[in-house]
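Engineer: Got a predicted structure plus its sequence, pasted below:
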Amino acid sequence: MAVCFDVRQRLLYDSCGHTDQLWGQDGPTNKSELRWILVTCCELGMLDRNMLFYREKLLSPTQLKRLGEHKYSYSSSSLLDPFLQPYWNWLVSKVPPWLAPNLITVVGLIINILTTLILVWFSPDARGEAPRWACLICALGLFVYQSLDAIDGKQARLTGTSTPLGELFDHGCDSISTACVAVQLGHYPAWMFFQCFCAMTLFYCAHWQTYVSGTLKFSKIDVTEAQFTIIFIHLVSAIFGPSVWMTKLPGLMVEVKLVPISIAVMMTLLLAYSNISIIVQGGVGKNGSTVAGTSVLSPIIPFSMVVVPAFIIYRKSVEHVYENHPVLYILAFGMVAAKVTNRLVVAHMSKSELEYLDSSLIGPAMLFLNQYFNFFIQEYIVLWLCLVRLLSATLNKHNYWYF
């Protein structure tokens, strides 16, 4: 945070005499625009105080220029969005014009995190039954987050404050919230593992196809429909109690929980098919490549470094680290997936090659090697070390409101 503050101070109070070095003589020289781009990279850990500003040059001047020139492009055929637009338009009309769009996103994220922590407090092992009011708060928290997430872009356009930073920050908060929502549904550890990594995979695939096609595309059943399905599940738990999902369906002798599980499986398959079909059709780059001119299959590599170790550690752990600490496990790997997804978003926005390696992957590697070589360190302790490191990095990279 100190490094980012140092860069901010120089950007705010210096004369920006290094503009030509970063953008080139023909590049844009708008100080405000340059400031936003540099702060974006600072928050991603791509800038440092040495070198104006680089110790490790992860983004070239050309990539920084492309990041500044990026224009948000999306298309949507969502079933619910047309019905919710009047509500969102009414809601954004009540927001004061001085309120920053990123602050709206932050408030929604904080609410989602707090409601998740309440549920974790009452059921830290994802086995205990949380009180009904906790389920109601989770439903309310997710609805508030969904509403605020929908209007932050509208607020940016109304106030003329749309920036590449806003899009990146929005998607970054979405990736963190995906992990929180997964934990909220963790009444059953095995189901939570499946649901969490399905959610992470679908979120990653959505940005993968964006990296390929150049446009973020929402299908008829997509994120809005998934969010309201989860809200409905929380409301049912709040009204009838979480134990209602253990009730046997008359005549079928199967538990009620199989209904939302089946719906989730169908939605997962539908969304996966939608994203994969776009990817295999080829990209907008040369010879059907991505926006960066790379292989359309290249993004599978970094995400595999998250999912594969997570599954192997889950299945092979002698200490049953996931079964005993499912919430901790999901949060740790959820933060890793969020960081890797943010890398993909940056690659798309800067039209650059996706970096395969990231410091967040050290956590899964530590767990995997500790298990493989049977080290004396308990997996539970290693898992905590991974989570603390990831949370520290994530909070540092999302402190935009200090700017």
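Structural biologist: Thanks, I have the structure now.
Engineer: which residues does the nearest residue to Phe143 once chain neighbours are set aside contact?
Structural biologist: Computed as C-beta to C-beta, 6 or more residues apart in numbering, the closest residue to Phe143 that is not its neighbour in sequence is Ile231, at 5.6 Å. Every C-beta, even on glycine, is put in place using the N, C-alpha and C of the backbone. Ile231 makes contacts with Ala139, Leu142, Phe143, Gln146, as judged by C-beta atoms under 8 Å, 6 or more residues apart in numbering.
Engineer: go again using 10 Å as the cut-off
Structural biologist: Taking C-beta atoms under 10 Å, 6 or more residues apart in numbering, we find Ile231 in contact with Cys138, Ala139, Leu140, Gly141, Leu142, Phe143, Gln146, Val181.
Engineer: same question, Leu249
Structural biologist: Counted by C-beta under 10 Å, 6+ apart, Leu249 has contacts Glu255, Val256, Leu258, Val259.
Engineer: what does Pro364 give?
Structural biologist: Met305, Val306, Val307, Val308, Pro309, Ala310, Ile312, Ile313, Ala332, Phe333, Val336, Cys386.
Engineer: now Leu297
Structural biologist: Counting by C-beta under 10 Å, 6+ apart, Leu297 has contacts Trp208, Val212, Ile279, Val280, Thr290.
Engineer: any idea how far Leu216 is from the third one?
Structural biologist: Counting by C-beta to C-beta, to the nearest Å, the gap between Ile279 and Leu216 amounts to 13 Å.
Engineer: Spit out the residues that contact those two alike.
Structural biologist: Common neighbours of Ile279 and Leu216, counting by C-beta under 10 Å, 6+ apart, are Gln209.
Engineer: Can you identify each of the strands in the stretch 151-300 of the chain by residue range?
Structural biologist: 216-218 (DSSP state E, counting those that start in this stretch).
Engineer: What count of nearby residues applies to Val92?
Structural biologist: 20 (other C-beta atoms under 10 Å).
Engineer: for the host helix or strand of it, which positions count as buried?
Structural biologist: Val92 is part of helix 81-93, with elements assigned from DSSP states H and E. Judged by neighbour count (16 or more other C-beta atoms under 10 Å), helix 81-93 contains these buried residues: Asp81, Leu84, Trp88, Leu91, Val92.
Engineer: where exactly do the helices run in the stretch 201-350 of the chain?
Structural biologist: 223-240, 258-280, 300-316, 321-324, 326-349 (DSSP state H, counting those that start in this stretch).
Engineer: Ok, which of those helices comes nearest Leu99?
Structural biologist: helix 223-240 (22.8 Å; C-beta to C-beta).
Engineer: Could you tell me what pLDDT the model assigned to the residue nearest to Phe143?
Structural biologist: Looking at Ile231, its pLDDT stands at 85.
Engineer: Quote the end-to-end distance of stretch 372-387.
Structural biologist: This stretch, stretch 372-387, spans 20 Å end to end (C-alpha to C-alpha, to the nearest Å).
Engineer: Give me the mean pLDDT for it.
Structural biologist: pLDDT averaged over stretch 372-387 gives 79.
Engineer: now do stretch 158-171
Structural biologist: The model assigns stretch 158-171 a mean pLDDT of 59.
Engineer: how many neighbours does Pro242 have?
Structural biologist: By other C-beta under 10 Å, neighbour count at Pro242 equals 21.
Engineer: Tell me the pLDDT of it.
Structural biologist: 77.
Engineer: Numbering from 233 from now on, please.
Structural biologist: Taking 233 as the first residue, the last one we looked at is Pro474.
Engineer: re the thing from before, out of the contacts of Leu529, who's nearest Met581?
Structural biologist: Thr522 (12.5 Å).
Engineer: Would you agree the closest one is in contact with His439?
Structural biologist: No. At 11.5 Å, Thr522 and His439 do not qualify as touching, with contact defined as C-beta atoms under 10 Å.
Engineer: ok, the buried residues of helix 313-325 vs Ile336, which is closest?
Structural biologist: Val324 (9.0 Å).
Engineer: where's Met432 relative to Met567, distance?
Structural biologist: Counting by C-beta to C-beta, the gap from Met432 to Met567 is 10 Å.
Engineer: who has more neighbours, these two?
Structural biologist: Using other C-beta under 10 Å as the criterion, Met432 and Met567 rank with Met432 on top: 26 against 22.
Engineer: Show me this protein divided up by domain.
Structural biologist: Under automatic domain parsing, the residue ranges defining each domain of the chain are 234-301, 306-629.
Engineer: which one of the ones you listed is the most hemmed in?
Structural biologist: Of all the domains of the chain, domain 306-629 has the most neighbours on average by mean count of other C-beta atoms under 10 Å, namely a mean of 18.
Engineer: which residues of this structure score low on pLDDT?
Structural biologist: 233-291, 358-359, 393-421, 625-635 (pLDDT under 70).
Engineer: Which elements pack onto the longest helix seen in it?
Structural biologist: Longest helix of the chain, by residue count under DSSP state H: helix 364-391. Packing partners of helix 364-391 (3 or more C-beta pairs under 10 Å, 6 or more residues apart in numbering; DSSP states H and E): helix 313-325, helix 333-354, helix 396-416, helix 455-472.
Engineer: As CSV, the ones you listed with distance to Trp423 would be great.
Structural biologist: Converted to CSV, the helices and strands packed on helix 364-391 look like this (distance: least, C-beta to C-beta, whole Å):
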stretch, distance to Trp423
helix 313-325, 28
helix 333-354, 15
helix 396-416, 10
helix 455-472, 12
